[in-house]
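**Student:** Turn this into a model:
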Amino acid sequence: MKAFLLLSLALLLGCKKTEQAPADQLPPATQTGANTLGCLVNGQPWTPQGYNGSSNYSVVYDPTFRLERISE
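**Tutor:** Predicted coordinates:
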């Protein structure tokens, strides 16, 4: 029984989680157009995942869009 307790204690103390900082989990910055994207959202790293036949990190800007107020 004593050996079991010592073995359990050794296993618990021997396990160390090494967590990376959130900024270290982002892809490296490039200036060559490597099509990488990553950002921190609420302090958590985010990178696009998957591919469904089109770009999964497209950004669309419509300069003609206007939000009109509806008067009551």
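**Student:** next one: phi and psi at the residue nearest to residue 26 when sequence neighbours are not counted?
**Tutor:** Excluding the flanking residues, the one nearest residue 26 by CB to CB, 6 or more residues apart in numbering is residue 38, at 3.8 Å. Using the backbone N, CA and C atoms, a C-beta is placed for each residue, glycine as well. The phi/psi pair for residue 38 (degrees, to the nearest 10) reads phi -170, psi 150.
**Student:** Same question for residue 39.
**Tutor:** Here is the backbone geometry of residue 39 (degrees, to the nearest 10): phi -160, psi 170.
**Student:** So in terms of bridging, what pairs with it?
**Tutor:** Applying DSSP bridges to residue 39 gives these bridge partners: residue 46.
**Student:** can you tell me how far it sits from residue 63?
**Tutor:** Noted for residue 39: a distance of 23 Å to residue 63, by CB to CB, to the nearest Å.
**Student:** So for the two, which sits in the more crowded spot?
**Tutor:** Between residue 39 and residue 63, counted using other CB atoms under 10 Å, the more crowded position is residue 39 (9 against 5).
**Student:** Got the confidence number for the more buried one?
**Tutor:** You'll see residue 39 listed with a pLDDT of 87.
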